[in-house]
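# Fold the following, please.
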Amino acid sequence: MSKAFLNAFLIGIAIIAVGVAALLFMNRGSRVGLDGRVLKVRTAPLDENNSVAILDFRFHNPSHVPFWVRGVTVLMEDKDGTQYQGATVSEVDAKRLFTAIPLLGQKYNDTLLMRDQVAPGVSEDRMVAATFNAPEARIDGRKRFLIRIEDVDGPITEISEK
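Below is the predicted model of the structure:
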């Protein structure tokens, strides 16, 4: 192998490496999704077989594109790993829940709603309320809650209770 061929080959590999690195650097903020964590969970019984869970959470949109919310669901995971989907409560009904059930305390944040837009680089505190067909003792004995937020273009973000 000649020395000229080896030099040309190494220069070509270096140019390709620089091109790939530049491409990755330029697309670093194009991933649609949210980062977040659950701040506070409050539960209360509605009757002997139904309960409500209020989850206050904080999220951040690290991308350069807005995140448009298609839907928000809350899942409860038992200690055995079985997941149960709750019925998400609207903002109007959430206000009524806080008025009717003083055990829940004060409503700190607005509910994350369908068609809400999370601008690029923004951090927000929001809440979501969900009812479950389970007694409060079963809800309190859970492994964790999962908040599943779906973007209109398809990506799904899950924020897990620690």
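
# quick one, strands of this structure?
For the chain, applying DSSP state E gives strands covering 35-45, 51-60, 67-77, 83-85, 87-88, 117-118, 123-132, 144-151, 156-160.

# Make a markdown table out of these and add distance to Gly105.
C-betas here are computed from N, CA, C, even on glycine. Formatted as a markdown table, those follow (distance: least, Cβ to Cβ, whole Å):
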| stretch | distance to Gly105 |
| --- | --- |
| strand 35-45 | 6 |
| strand 51-60 | 9 |
| strand 67-77 | 18 |
| strand 83-85 | 24 |
| strand 87-88 | 20 |
| strand 117-118 | 26 |
| strand 123-132 | 12 |
| strand 144-151 | 17 |
| strand 156-160 | 21 |
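
# Tell me which of the ones you listed lies nearest to Asn7.
strand 35-45 (45.2 Å; Cβ to Cβ).

# Now that closest one: buried residues?
Neighbour counts over strand 35-45 (16 or more other Cβ atoms under 10 Å) mark Gly36, Val38, Val41, Arg42, Thr43, Ala44, Pro45 as buried.

# any chance of the strands of the chain in TSV, plus mean pLDDT?
Output for the strands of the chain, formatted as TSV (pLDDT from 0 to 100):
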stretch	mean pLDDT
strand 35-45	95
strand 51-60	96
strand 67-77	94
strand 83-85	94
strand 87-88	95
strand 117-118	93
strand 123-132	96
strand 144-151	95
strand 156-160	93
